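> Pasting the sequence and the predicted coordinates here, then a few questions.
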Amino acid sequence: MNKKVTVVGAGFVGATCARRIIEKDLADVVLIDIVEGLAQGKALDLMESAPLEGFGAKIVGTNNYEQAKQSDVVIITAGLARKPGMSRDDLQVTNAKIVREVVKNIAASSPQAILIMVTNPLDVMSYLALKVSGFSRRKVIGMAGILDSVRYRYFIAEALSVSSSQVQAMVLGGHGDSMVPLPAYSSVNGIPITQLLSSEKIEKINARTRKGGAEIVGLLKTGSAFYAPSASVVEMIKSILYDENKILPCCVYLQGEYGLKDIYCGVPTRLGNRGVKDIVEIELTAQEKAALKKSAEGVRENIKKLNLT
Ligand code: APR
């Protein structure tokens, strides 16, 4: 039997996730949206591309959760995207209402599923999803670190005129301007970037990475990024569905790791068929630790605004 992935939100990110998943034959997909006909139309359009693209996976579109039953993984992208001048935090009130409702429905229809959160502000929405679903922390994971890290990888590759596939890089912390790029854990085919780029150049790349999402919003003007975000979701899905055990930076619930408690924050994790199998604690400099703490405390302030207790 094929694996089953439900994608909630059939907008730019959700529909592109769905397309990547079926074109790679990773799983069958149920695409859900609140707007009547939207998910159905996109699903039908995608199925009609199957004879040419040659995939065997199936996708259906729907407005309810009936067909989402027994999903292995559920990706939540429902909610507003940013417009120029908005921070991710500006989306919180509206998106919290949407995420609450969606997660309640998913918890009822697919209680065994692993949730991948994409809706922004990501760290806060992941926390909300954990509390509303009542799922174990291993099964509620936010997608942000991979996206921030692939942006970092691309900028490093561009600066050095090397193949981006040879660049490894790590960005931790919250998915916002306070994220923490880690040059010491970034390399080109094993060569630390600190040996290839001046500290000024690295600092410029770090700054561009922190604003990577806003750069795209500024160009698009009507919405936010979706190609790199959906590719990042698929990296997580593959590691989970096929138990690849990849170590990937993901937004996870911390209970003391990195000195942080009761908070969602981006850190390296080992992802496999049980979701987060391990949180990997790496050595950080005092400055990096302080930056990670500051980033997490910013998230904590926004979590308080959810009035969960
Ligand atoms: N249930 C299901 N779908 C919903 C709901 C709901 N309660 N509320 C909104 N949606 C749907 C919208 O109808 C829309 O089709 O979510 C979709 C969001 O799509 P877009 O507006 O295209 O936004 P997108 O670019 O996909 O971003 C979605 O991901 O990266 C984040 O910041 C981004 O929070 C945003 C989310």
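Yes, it's here.
> Can you pull the phi/psi pair for Y264?
phi -100, psi 130 (degrees, to the nearest 10).
> Could you tell me how far it is located from I279?
Between Y264 and I279 the computed distance is 12 Å (C-beta to C-beta, to the nearest Å). Heads up, the C-betas are built off the backbone N, CA and C, glycines and all.
> which residues do these two both contact?
By C-beta atoms under 8 Å, 6 or more residues apart in numbering, Y264 and I279 have these common neighbours: 252, 254.
> which of those two has more neighbours?
In this view Y264 and I279 are compared by other C-beta atoms under 10 Å, and Y264 has more residues nearby, 32 against 19.
> my read: the more buried one touches Y253, true?
Yes. Using C-beta atoms under 8 Å, Y264 is in contact with Y253, at 5.6 Å.
> Between the two, which contacts overlap?
Counting by C-beta under 8 Å, 6+ apart, the contacts common to Y264 and Y253 are 126-127, 130.
> of all those residues, which comes closest to E235?
Nearest to E235 among those: S126, at 17.0 Å, using C-beta to C-beta.
> Dihedrals phi and psi, that closest one?
phi -70, psi -40.
> isn't it right up against R137?
No. In this structure, S126 is not within contact of R137 by C-beta under 8 Å, at 9.9 Å.
> who touches both of those two?
252-253.
> Can you pick out the residue with more neighbours from these two?
Applying other C-beta under 10 Å to S126 and R137 shows that S126 carries more neighbours, namely 31 against 16.
> which one is the closest residue to the ligand within the chain nearest to, not counting chain neighbours?
Taking C-beta to the nearest ligand atom, the ligand has its nearest neighbour within the chain at G11, 1.7 Å off. If you skip the residues right next to it in sequence, G11 has T77 as its closest partner in space, 6.6 Å away by C-beta to C-beta, 6 or more residues apart in numbering.
> What of L115?
The shortest distance from L115 to any non-neighbouring residue, by C-beta to C-beta, 6+ apart, is to V140 (4.8 Å).
> That neighbour contacts K131, doesn't it?
No. Applying C-beta under 8 Å as the test, V140 and K131 come out as separate, 9.2 Å apart.
> Give the rounded mean pLDDT of stretch 144-162.
The average pLDDT for stretch 144-162 rounds to 97.
> where's it relative to the chain centroid, distance-wise?
16 Å (C-alpha atoms, centre = their mean, to the nearest Å).
> repeat for stretch 16-31
How far stretch 16-31 lies from its chain's middle: 16 Å, per C-alpha atoms, centre = their mean.
> Quick one: mean pLDDT for that stretch?
Mean per-residue pLDDT for stretch 16-31: 98.
> what do you get for stretch 99-111?
97.
> what's the neighbour count on N206?
18.
> Dihedrals phi and psi, it?
Main-chain torsions, N206, degrees, to the nearest 10: phi -60, psi -50.
> Show me the beta-bridge partners of the residue lying closest to it once chain neighbours are set aside.
The shortest distance from N206 to any non-neighbouring residue, by C-beta to C-beta, 6+ apart, is to P181 (4.4 Å). Judged by DSSP bridges, the bridge partners of P181 are V171.
> which residues touch A78?
By C-beta under 8 Å, 6+ apart, the residues touching A78 are 8-9, 14, 32-34, 98-99, 102, 119.
> any idea which element it lies in?
Under DSSP states H and E, no helix or strand contains A78.
> Just want to check the distance between it and R208.
For A78, the distance to R208 - C-beta to C-beta - is 29 Å.
> A157 now?
13 Å.
> Also S110?
38 Å.
> and the residue nearest the centre of the chain, what does it touch?
The residue lying closest to the centre of the chain (C-alpha atoms, centre = their mean) is M143, at 1.6 Å. For M143, the contacting residues are 116-118, 122, 229, 232-233, 236, 250-251, by C-beta under 8 Å, 6+ apart.
> could these go into a markdown table alongside distance to the ligand and neighbour count?
Formatted as a markdown table, the contacts of M143 follow (distance: C-beta to the nearest ligand atom, whole Å; neighbours: other C-beta atoms under 10 Å):
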| residue | distance to the ligand | neighbour count |
| --- | --- | --- |
| I116 | 11 | 29 |
| M117 | 9 | 29 |
| V118 | 5 | 27 |
| L122 | 7 | 25 |
| P229 | 5 | 24 |
| S232 | 10 | 26 |
| V233 | 10 | 27 |
| M236 | 14 | 25 |
| C250 | 15 | 29 |
| C251 | 12 | 29 |
